[in-house]
Every structure is written in C-alpha cells, then in structure tokens.
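Trainee: Sequence plus predicted model, see below.
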Amino acid sequence: MGETEQRPTAGSRLGAQENAGISTLEHGQKPPLTPPGKLISIKIQMLDDTQETFEVPQRAPGKVLHDAVCNHLNLVEGDYFGLEFPDHKKMMVWLDLLKPVMKQIRRPKHVVVKFVVKFFPPDHAQLQEELTRYLFALQVKQDLAQGRLTCNDTSTALLISHIVQSEIGDFDETIDREHLAKNKYIPQQDALEDKIMEFHRKHTGQTPAESDFQLLEIARRLEMYGIRLHPAKDREGTKINLAVANTGILVFQGHTKINAFNWAKVRKLSFKRKRFLIKLRPDVNSSFQDTLEFLMASRDFCKSFWKICVEHHAFFRLFEEPKPKPKPVLFSRGSSFRFSGRTQKQVLDYVKEGGHKKVQFERKHSKIRSIRSLTAQPSEQHAESSSFAYGDDSDAAAVQSCQQGKELKASTEDTGQHKSPSLKKSPKEGRKVDGAVVSAVEEEEEAATDRMQQNRPQSQQPSTAGSLTGSPHLSELSINSQGGPSVANMSLSPNLSPDAKQSSPLISPLLNDPSCIRTEEEEEVKKKRFPTEKAYFIAKEVATTERTYLKDLEVITSWFQSAVSKEDCMPETLKNLIFSNFEPLHKFHTGFLKEIEQRLALWEGRSNAHIKGGHQRIGDVMLKNIQGMKQLTIHLWKHNEILTELENGIKNSRKLETFCRDFELQKVCYLPLNTFLLRPLHRLMHYKQIMERLCKHYPPNHVDFRDSRAALAEITEMVAQLHGNMIKMENFQKLHELKKDLIGIDNLVIPGREFIRLGSLSKLSGKGLQQRMFFLFNDILLYTSRGLTASNQFKVHGHLPLYGMTIEDSEEEWGVPHCLTLRGQQQSIIVAASTRAEIDKWIEDIQMAIDLAEKSSDPVPELLASSPPDNKSPDETTVDQESEDDLSASRTSLERQSPHRGNTTVHVCWHRNTSVSMIDFSIAVENQLSGNLLRKFKNSNGWQKLWVVFTNFCMFFYKSHQDNHPLASLPLLGYSLTIPSESENIHKDYVFKLHFKSHVYYFRAESEYTFERWMEVIRSATSSALRTRALSHREPHTY
C-alpha cells in the first residue's frame, strides 16, 4: 500500500527498513482495509523538500494515504502531522482522514500534497522520537524561509545557527561561509551572517539531535510558532487574523497577538455562512452567554477554519477520539465533520508504553549520522494549563540551563536496523483512559489563567520593551520574539516546559531539569552539617529575608536608576529625591547582610570551625545594625514624599507614565513599582517580628538575651515612629495600584478616600447573574466587569454612594444562595457570593463603611467623572438593567490599549472568585518570607530545590537567591493549605501541601521552625480572615 516502483522511498532514504505496521494505529489495530478498485497516484512533498509517489485505491479514505506516508517514514508519532493540498479554488485545506481521497483531490496528477506539521504541542519535550523532532525542526526551517515564523534578528540568527550546526557540525569559518552562501534560510540572510556564525561558534560538540532540541526550544517561545493566520474582520470591520493553537483560538492584528480564547472558556464553535462564531462559557453563577462574531472572506474559508479549530480542540483536549454521532432519520442540520485519529493523550500513552522500537535514520542535509537517541522525557505535566490564554513571550536570557555549560548528551548506541513495532494491544485497551494518568492537555484548564508574568521582557540590562501580559497563576519565562534577547552562555535543558503556549505550572525554565533534582542522600548529608537549634534558624531567616530585601532595593537603585538614566523622562529633582534616599539604604544593608552571613558561617562551623559558643548568637549583630539604621531614619521619612511626587510626576507626564508602565513589564519588576518604594518601612516590621520571636525563645539568662531585648526595644521605637506614615502610604499606594486596573474612572485617588475591600461577586441584572468585580471604599462601592481585552483592565459600570445605604438579606426573595440587596438612595443592586463565608466578609465590611460614611459630616463629592451615567429613579425595578452596548464595548476582542500587567491581586480574585481586604494586605505585608524549599508535583518522584519568596499573597520561584527575577509564580488566594495524609505516601518530615481544585503541590522545609514559619505565612494568604478576627491579633487599622 503506497509503493509505486522499486526505487528509494522516504523510509529507505532515512535508513529504515520497510515497516509492516501502521504507526498511527492503536495496539493491535490492523491497517484499514484497502477498498478494491483502480489505484491512483498521489505525489507527496516531504518536509525535506523531496517528493514521493504513493498509490492508493480511488475509494480509499484519507487515513490510508496518511498512514502510508507515516509507514514509509517509520514515524511513530505521525498524529502530529497532516496532509495539506490546494482544493479546486486554490485554497490550502487539510486532507480529511474519513472521506475518500478521490472526492477531495479531484485532479491528483496536477496536485502536490504536502506532508507538514499540523498540531504543535505546547512542549516539544512531549515528542519522544528523535525523528519526530527532526521533522518538527524541518518545519521550523521551512516556516522561517517562507516568512511565516517571524521574530527579531537575534532570535533568527540563533535559530539558523542551530540549523547549521545540525547540518555541517562544529564551527569552521570557511565552511560556514560557504554553506551560508549556498543555503538561504531567510530572504535577507547576508545581514545576519556574522551573527549566525558568532552563535554557531558556541555550539561546539552539539549533536544534530541536540541542535533540533535547542532549535525547538527557542522556536516554541516565539509568538508565531505554529501559527497559521486566517484573515477576518471583527464586528466593527477592523481587519484582523484568526489562528488556532493547542491552547485555543487566537486573535492577531498583523503579527501581534491581541487576544486569546482558551478552550476552557469556549462553550461552542460554529459558523453561519461566512460568519465564524465563538460562544463563551458563562461566568461563575451566571446564565449570561457571550458570543463573539468574526467575518471571513467566504463560507469555504470560514468552514475550513472551523474544521481546524474542531480538530485542535479534540486533539489537545480529549482523552480519546470522539465517537461518530448517529445519523438522523430524516434530515440533518449543520456539518457532520468530526476529528479522526488519536488524541495527544493517546499518542503520549502509546509512546510511554514502549510499543515501538527505535530505528536509525539519516538526515538529508546533515553530514553527521544520527539515531533516535535523545530520549528527553516530557516535563512533569502537573497541572494547571489554562482557563484563558494570554501573552506569549519573553527573553532568551531566561533560558539558561541549571548547570550552565553542561551539554546535552545524546546516547550513541547503535540500535541497528529494526523492524517496525508489532501491535498487540486491542483497540479497546488502547483507548482506555487511565484515571491515574494526568495529561497536560486535560489539565489545560487553568495554567494560562494562572500564569503571572510570562510576558514580561527581560534582558541583561533593564529595558522597557513590553508585551501583553497573561492572567495570574504561574509565570513562565520565554524568548521575546520582539525584544532583543541576550543569549550569552545559553544552554537549554531538554525538560523546559512551554510558556506562552499554555504550559504546566512550575515547569518554567530551569524548574524541571532532572539534573537539578537533589537526591535524598545529598539532603541528609547536608542536614547533618548544620546546627539544629531554633535560634540558628531564626538567624538564618534574617539572612534569607535580607537577601530578598536587598534584591528589592536593587530594583530601584540599580534597574530603575539604569533605565531612568537612559531616558529623558524624569525631572532631575525627582531623580535626586528617589535615588539619594535609596542608595544609602542599599549601601547600609549590603554591609548588614555581609555581617549576618559571616556570623552564620561561624555558627555553622564553615569558617574558623574551632571557635564555638561566642558566635552562636545573633542579637549583638542585630543590635549594632538596628542602632545604625536609626541614622537612616531621615531617609525613611522621605519615602512618603517620594511616593507622592512619583505619582504626581506620572499624572502630569505621559512620557514618564509610559516609561514606568514599561518598566513594570520587565521581569525584574515582579511587583507593582510603587510597592518597592514601601519595602524599607515594611522591612522594619519584619525585624521587629524576628526579634520578638528570638526574645520569646531565649530564657532570660541566655548570653544573647540582653542584646536581643535591646535590639527589640530599638526597632520597636522606630516602627512606632513610622507606623502612621506607613499606613497612609499603604493606602495611597493601593489606590494608585487599583487606578491602573480600572478604566472608566478619572479621580479614584482623592484626599480622604480609603480602600477597604475588593473581590468578585455575582450581580443580578436583566440577563441573570453575571460576574462582576466590586471595589469598596470608605465612601463608595464600585462595580466593574472585565472585558476580553488586550489591556486586561476592569471597566467601571456603576457606583453606589454608601451614605444612606442599607443591606437586606434576599436569599428567599430571589432564590439565590448567599444573596443580598444593597439599597442606595437612588439605586439598588442584588449581589451574591460563592460561599457563606465570603458574603459574611462583604456584609461586615460594607456595614462598617456605611457607618463611617454616616458619621462623616462632609458631603459626598461627585466622584466618578468618567463613569457611565446612572440616573435611575427610586421607583424603578431593583434589578439593574445594564446597557448591552456598554457591556459589549468592554468585551470587544480588538480593543487596543496600552499593555497592562495581568498579574495583580485584582485579577487573581477575579479568577479565583474570592476577595481581599486592606486588612488582608496589611497582614500580608507582615507575613513575608524567603528561603529554600524542596518542591514535588503530585505525580512526580524527585524533590527539586528552589529559592522561594513569599510576598503579596504569592509564591515566587527562583533557581537560586542570586537570580534577578523569578522564573515562575503561584498566587495562593483560593488555595488550601494542609498536611499530606498517609495515603499520599510522602513519608518525609516538614512537608506541607497546597491544592486548588485538581492542582496539587508538595513543599518540604529543612527544619521544624522553617516548616512552621512557612505554614504561618502561607495560611495568612490562603485563609482570608474576617475583620473582627483580623483585628484581634494586630493593631487597629483606622480607615
């Protein structure tokens, strides 16, 4: 089936023996029965630009031809590939595997069918076979040449350098120039020739298999990787391009992605004539349906794109091939098209089961012989992959290997010539879904939702390049297809996971390299070397948190200052005000950290091991340096002025506003910029807490007690002096942070306004319950919606002054659980929360705010200068009727606004359907922690050591404390914190478990003290307290 004459075939050219099996079938399945009849010849163009001719019966379905091609190539993972050809209207379409070939290819003699990659997985480490990765590399090479894969010059040169390495081997300047002169990989290649050779020089010793892997590692991080654009228009007639990927449907303007609709959010895809329709799932507790409409050139274009979307959804999201629907008795409506073939999960399961043998093959363009040897295991696919999809790229500098300079070793065993695998498993067994196997496709539900800062550009020096950001869960760093990556010393791990293509959480660069996983023996040996007393671990907490604090200061004194010096956007007076007050702090704390680390070295016996007792203390170091800090109080008092002047400067200068916004998009600025301005005041509170724990631990006769108590008295005095100033600054900072998250309001920050609570509630309108984001202040309650926009901001739909407002329980009246009515003087709204605890928090805070508003003698000002009018008479229905135009305006997929950080607490609350109060923020400030933890996924075996920083309700993950920016992050709002049960078979001490829905992570601390500290600080984020309980263990917070 498929041989037309006795001449070298694709398989024999690659060095493989003829294969008797069909690689794309399940275990035990037989090749499709070849229908009798006349044979037709089909010309197939392979990815290496050679042509093969296959003969199939006229009535044979497309699957016969597809399987014949895979059979000739000995391609086990053929399901990722498809056959593409021009139809009678010269439109490129995919061969339908269920329909007869002759009905699709009308004039086979005049048509060349292309064998190309159809499904691009989120992580090329999921491709188990070297041959598969080789073919993917050929596809990347082809896309580069055709201009389909667009990227900056640096990324282009790096890609081509890996192609050259795989084709001619190690660098030789003469051979390189000759090869580049003969082979044009991109149209304007001459300008990049020197840069290509510069990169090629660094790949010495890299095998072709490794080059393919590195090529795919770089390519998959580019925004246009695997993207085929389909021209369309939106409702307003704006020209756009639609595309489909493993994560969902993407919207582009030109080659810039402006929106994404993740599969988890898509309820239905359909087309009517030339209108392509996306029906989104309703919001939580909502019956409202949102349908987006795009206009394509013709019905055929529209149907073709719809088919591709259906196939991508089935391949990446389903466990097994969908069963055909029964044929209607009389007549049918709509298309009967369905996906045919194995899903990605079935392919992964089949390859993992080892139902195949590795075979040799040769590369057409390579002078180096290669075998299927680089068997990089797919990265740990634990689970959050995406409930909605956003931005996609970052910088090449992020992808350095955990062991720099360590090359990937490809096995060179000679497997000889092997026959294709014998397939014994029954089709039924082959399709059985093992409940214990969790696929990355299935778990796509939330990881892009929860990826926090994957789109922030990064470079070796601060830069202001930015891109659209994603929603808040786990960030992964990637190559920026637009900004210039720095690729010095780049060495990529075979287990790096996808970034913009919606990957699994905590599998960002460097976080899943098996070579970095510490063995149990290493950990036990290390534990025996260090002290075990509690005072030592308290002292160590001072050092670990001081490292993080110093890095935070460097965001201002180094990164921000460097960026400011390159741009003429900030007045000299403001520059001097900021940096003259932060640089002395940075200099002082650099020396402070050095002293602490020297003391810990003595304590641990790493330095002057013969000196004991006198150095097993920390109180004297703390006392000396806290007294030194008193000299810096003059700088700390200036921070209120710094924050105010910076925000005023941003308000008055569009250039400075743009500059600061772009700086916030850098990965080094992992929190809002103005948060770093509060860090010195927050750090004083941390010292106070640490000294309180130390004094509580020491008995009065301890040698270190006196110094520790004196240090506590000194720091308590400093905190008391600056506490009132800090409270005002926190409120001021929070108002300005919220201002960036909101559109439709001009004067959010006014004197006297104080933030109380924000969170997600369902609001009853004429269309039923709809998710809305509420913001409660001491004088007003705002409600907003989050549109599917590039800016990720929340649009204000209305406001209720708190003066004269009443709260009524409405569960019985409306039949909605946890429901209440808020009656204002001119308008009433009905809202509902997801849980009783959540509605209780809102009732308590709203009632307190109402009481404050009524006690205030000042009149309520007109606050919302640009908000929609809300002039309803009191006798109108209590159910607010929102304007359809107003709602759709906030949802347009083409709204082009400035890039906006999508990883703020507001977005986390929206996606986790929860809320936080200013009390929670204040408690979070007190509960910050840094240090090493061992991390394990639910289905993995090894523990991996990571540097973890907990702040702002979020865990940020680093490879080491020396890193300048986090590699990934995990917002903890909504997560549950527990201890693993016996049935989970952890069998280790000091382990805690974090889980949200199906997402489970285990973390292991080094001692009982650090375990208790991590439990304490994480519990503060995962279980938001009621105001009454929160105030019971801290100083009163005046609003």
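Mentor: Looks like it arrived, so ask away. Residues are numbered from 1 along each chain as shown.
Trainee: Could you list the low-pLDDT ranges of the stretch 1-150 of the chain?
Mentor: The stretch 1-150 of the chain contains residues with pLDDT under 70 at 1-37.
Trainee: Please enumerate the helices of it.
Mentor: 10-13, 62-73, 101-104, 130-145 (DSSP state H, counting those that start in this stretch).
Trainee: So which of those is nearest S828?
Mentor: helix 130-145 (56.9 Å; Cβ to Cβ). (Each C-beta comes from the backbone N, C-alpha and C, glycine too.)
Trainee: can you pull the buried residues of the closest one?
Mentor: Using 16 or more other Cβ atoms under 10 Å as the test for burial, helix 130-145 gives 130-144.
Trainee: nearest to I42, of those residues?
Mentor: Nearest to I42 among those, with distances taken as Cβ to Cβ, is L135, at 19.2 Å.
Trainee: quick revisit: closest to K274 out of the helices of the stretch 1-150 of the chain?
Mentor: helix 101-104 (21.6 Å).
Trainee: Which other helices and strands does that closest one contact?
Mentor: If contacts are counted by 3 or more Cβ pairs under 8 Å, 6 or more residues apart in numbering; DSSP states H and E, helix 101-104 sits against strand 39-45, helix 62-73.
Trainee: which one of the ones you listed has the most crowded surroundings?
Mentor: helix 62-73 (a mean of 24; mean count of other Cβ atoms under 10 Å).
Trainee: Just the CA trace of that helix, in CSV.
Mentor: What follows is helix 62-73, C-alpha atoms only, in CSV (Å, rounded to 0.1, in the frame of the first residue of the first chain):
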residue,chain,number,x,y,z
GLY,A,62,-7.6,9.9,3.6
LYS,A,63,-6.4,7.9,6.5
VAL,A,64,-5.0,5.2,4.2
LEU,A,65,-2.8,7.8,2.4
HIS,A,66,-1.7,9.4,5.7
ASP,A,67,-0.8,6.0,7.3
ALA,A,68,1.1,5.1,4.2
VAL,A,69,3.3,8.2,4.5
CYS,A,70,3.9,7.6,8.2
ASN,A,71,4.7,3.9,7.4
HIS,A,72,7.3,4.8,4.9
LEU,A,73,8.9,7.2,7.3
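Trainee: what angle sits between that helix and strand 39-45?
Mentor: 60 degrees (axes from the mean of the first three to the mean of the last three Cα atoms, to 10 degrees).
Trainee: where's helix 62-73 relative to the chain centroid, distance-wise?
Mentor: In terms of Cα atoms, centre = their mean, to the nearest Å, the centre of helix 62-73 is set 37 Å apart from its chain centre.
Trainee: Counting by contacts, list what it packs against.
Mentor: Counting by 3+ Cβ pairs under 8 Å, 6+ apart, helix 62-73 packs on helix 10-13, strand 39-45, strand 51-57, strand 81-86, helix 101-104.
Trainee: Swap in 10 Å and give it another go.
Mentor: helix 10-13, strand 39-45, strand 51-57, strand 81-86, helix 101-104, strand 112-117, helix 130-145 (3 or more Cβ pairs under 10 Å, 6 or more residues apart in numbering; DSSP states H and E).
Trainee: Adding distance to L684, write the helices of the stretch 1-150 of the chain out as a markdown table.
Mentor: Listed next are the helices of the stretch 1-150 of the chain as a markdown table, based on distance: least, Cβ to Cβ, whole Å:
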| stretch | distance to L684 |
| --- | --- |
| helix 10-13 | 70 |
| helix 62-73 | 66 |
| helix 101-104 | 73 |
| helix 130-145 | 53 |
